[in-house]
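A.B. asks: I would like the atomic coordinates for the input below:
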Amino acid sequence: MGTEFQLSGRLPKAERNGLDAHAEEFLDVAAPASLIGIVRIDRKFRKVDDDTEEVSAMAKISHIEIVGDEVEADRLAEYMTALADSRSGDTPLPVVVEGEVDFDAPLNEGFAELDDSFGAEK
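C.D. replies: Numbers count the residues shown, from 1 in each chain. Modelled structure (predicted):
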């Protein structure tokens with residue numbers, strides 16, 4: 001973010017601040033685990049400098065909630081990564097799902113588990 005666009009350092013008040021329920025974790029000596037949250041961001045203000053006509057704006061977090069369910073938090077973290085990849089143009093590495101291989105079995109048997117045609121006469 002440049003100086004023309006900034007984020008307000010204030011959190012929303014009361015019922016719109018789901019982070020407040022986790023304040024004790026941040027006050028503890030040990031650092032808390034990263035939290036995954038959902039935020040609503042609105043424009044706080046926009047101004048135009050009369051002399052330079054430079055436009056600046058400030059955004060504010062108007063609502064924040066923390067995801068408490070670990071599975072749901074992991075899913076949202078993956079979604080956040082996908083959104084960042086899409087925004088930046090990065091192509092994520094493909095997820096490769098392979099069958100389980102018994103490394104204690106002879107090598108030929110391990111391949112046969114993955115491909116029924118392995119070792120078959122042609």
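
A.B. asks: any residues touching stretch 18-35, and which ones?
C.D. replies: L11, G37, H63, I64, E65, I66, V67, A73 (Cβ atoms under 8 Å, 6 or more residues apart in numbering). Any C-beta I mention is one placed from the backbone N, CA and C, and that applies to glycine too.

A.B. asks: In strands only, show me the residues you listed.
C.D. replies: G37, H63, I64, E65, I66 (DSSP state E).

A.B. asks: Select from those residues the one having the most neighbours.
C.D. replies: Ranked by the number of neighbours (other Cβ atoms under 10 Å), the ones in strands among the contacts of stretch 18-35 place I64 first, at 18 neighbours.

A.B. asks: sorry, back to before: hmm, which two among the contacts of stretch 18-35 are most spread apart?
C.D. replies: L11 and A73 (19.6 Å; Cβ to Cβ).

A.B. asks: Looking at these two, which has the bigger crowd around it?
C.D. replies: Legend: neighbour count by other Cβ under 10 Å for L11 and A73, higher for A73 (17 against 13).

A.B. asks: pLDDT score for that one?
C.D. replies: In this model, A73 is scored at 91, pLDDT.

A.B. asks: So it sits against I36, correct?
C.D. replies: Yes: look at A73 against I36 with Cβ atoms under 8 Å: they come within range, at 4.0 Å.

A.B. asks: Buried residues, the longest helix that the chain contains. List them.
C.D. replies: Longest helix in the chain, counting residues (DSSP state H): helix 70-88. Judged by neighbour count using 16 or more other Cβ atoms under 10 Å, the buried positions of helix 70-88 are A73.

A.B. asks: and it, C-alpha only, in PDB?
C.D. replies: Provided in PDB are the C-alpha atoms of helix 70-88 (Å, rounded to 0.1, in the frame of the first residue of the first chain):
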ATOM      1  CA  GLU A  70      -9.800 -26.000  12.800                       C
ATOM      2  CA  VAL A  71     -11.000 -27.800   9.700                       C
ATOM      3  CA  GLU A  72     -12.900 -24.700   8.500                       C
ATOM      4  CA  ALA A  73      -9.900 -22.500   9.300                       C
ATOM      5  CA  ASP A  74      -7.600 -24.800   7.200                       C
ATOM      6  CA  ARG A  75     -10.100 -24.600   4.300                       C
ATOM      7  CA  LEU A  76     -10.300 -20.800   4.500                       C
ATOM      8  CA  ALA A  77      -6.500 -20.600   4.700                       C
ATOM      9  CA  GLU A  78      -6.300 -22.700   1.400                       C
ATOM     10  CA  TYR A  79      -8.900 -20.400  -0.100                       C
ATOM     11  CA  MET A  80      -6.900 -17.300   1.000                       C
ATOM     12  CA  THR A  81      -3.800 -18.800  -0.700                       C
ATOM     13  CA  ALA A  82      -5.800 -19.500  -3.900                       C
ATOM     14  CA  LEU A  83      -7.100 -15.900  -3.900                       C
ATOM     15  CA  ALA A  84      -3.600 -14.500  -3.400                       C
ATOM     16  CA  ASP A  85      -2.300 -16.800  -6.300                       C
ATOM     17  CA  SER A  86      -5.100 -15.600  -8.500                       C
ATOM     18  CA  ARG A  87      -4.400 -11.900  -7.700                       C
ATOM     19  CA  SER A  88      -0.700 -12.200  -8.200                       C
END
